[in-house]
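K.L.:
sequence plus the predicted model coming up.
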Amino acid sequence: MIKVYSHPRSGTHFVKEFIARNLYPGKDFSHGPIFYGHWSKMQKEEQADKNFKLFGSHSFPLRRHKYLPIKKVYIYRDGIDVAFSMWTSKWFHKDWGDISFDDYLLRNIDWYSSPTVNRKTDQNILKHWLAHVEQWHQIKNRFIHIIRFENLLLNPEDEYERLVKFSGTTPDTNFQKVEKLVGLAPNTGKIHKYKDAMTKETEDIIYNSISTKC
């Protein structure tokens, strides 16, 4: 069974649903209730996550992720969209209040890998995202399959063909798109939604954290 890894708010539930429908139709991967959100104000979802058992973690890559012969999918997304989704979801410390997007980008996060993990860092959300994506991309073996969220959203048929080839399976069902929002506290599921809040000051903050190439 394939396991899914990701940085938080990168399309984890989207790709799990995509994999479940197209590789494992009819199988039950449910588990619940689920706790999620920031460690200072955890939230509980009473309804079981139907694809929970496909989830690996939000962890940075560990030795077992690099060397064990277990097939893994890593999904990544535009870092500014990730940061914007974290901010709109209020997955930050309860004492931060109603901070602006710019203020959120400037602050060092107080978690590592997942906002459920209480840990001080010297990284803002963008630097944390970049380190996460870079480290997973550095794994070069046949057991890791990398998907970009934007490609899965815009070109699902192409990503389906790549995924089937990686899995080495022959699906006994027709290709299915995921057209509805899925997961815990989903936002819009759109690309570049952050542009609604973008100012010249926001751009300066972003490019002082990560390069324009990122």
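P.N.:
That came in fine, so what should we check first?
K.L.:
element containing Arg64, please.
P.N.:
Here Arg64 sits within helix 63-67, counting by DSSP states H and E.
K.L.:
tell me which element Tyr74 is part of?
P.N.:
Residue-wise, Tyr74 maps onto strand 72-76 under DSSP H and E.
K.L.:
which other residues reach that strand?
P.N.:
Here strand 72-76 makes contact (Cβ atoms under 8 Å, 6 or more residues apart in numbering) with 2-7, 10-12, 14-15, 19, 56, 65, 133, 136, 143-149, 152, 163, 166. Heads up, the C-betas are built off the backbone N, CA and C, glycines and all.
K.L.:
one more time with 6 Å
P.N.:
For strand 72-76, the surrounding residues in contact (Cβ atoms under 6 Å, 6 or more residues apart in numbering) are 2-6, 10-11, 15, 133, 136, 144-147, 149.
K.L.:
dump stretch 134-152 to PDB, restricted to CA.
P.N.:
The C-alpha trace of stretch 134-152 is given here as PDB (Å, rounded to 0.1, in the frame of the first residue of the first chain):
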ATOM      1  CA  GLU A 134      14.100  20.300  -0.800                       C
ATOM      2  CA  GLN A 135      14.800  17.400   1.500                       C
ATOM      3  CA  TRP A 136      12.100  15.200   0.100                       C
ATOM      4  CA  HIS A 137      13.200  16.100  -3.500                       C
ATOM      5  CA  GLN A 138      16.800  15.000  -2.600                       C
ATOM      6  CA  ILE A 139      15.600  11.300  -2.200                       C
ATOM      7  CA  LYS A 140      16.500   9.700  -5.500                       C
ATOM      8  CA  ASN A 141      15.100   6.100  -5.700                       C
ATOM      9  CA  ARG A 142      12.400   4.100  -7.300                       C
ATOM     10  CA  PHE A 143      10.300   4.100  -4.100                       C
ATOM     11  CA  ILE A 144       9.500   7.800  -4.000                       C
ATOM     12  CA  HIS A 145       7.000   9.400  -6.400                       C
ATOM     13  CA  ILE A 146       6.700  13.200  -6.400                       C
ATOM     14  CA  ILE A 147       3.500  15.000  -7.400                       C
ATOM     15  CA  ARG A 148       3.000  18.700  -7.600                       C
ATOM     16  CA  PHE A 149      -0.400  19.700  -6.400                       C
ATOM     17  CA  GLU A 150      -1.000  22.200  -9.200                       C
ATOM     18  CA  ASN A 151      -0.300  19.500 -11.800                       C
ATOM     19  CA  LEU A 152      -2.700  17.100 -10.100                       C
END
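K.L.:
distance check, the residue in the chain sticking out farthest from the centre against Tyr24.
P.N.:
Distance from the centre of the chain peaks at Asp172, with 27.7 Å (Cα atoms, centre = their mean). Distance of Asp172 to Tyr24, computed by Cβ to Cβ, to the nearest Å: 10 Å.
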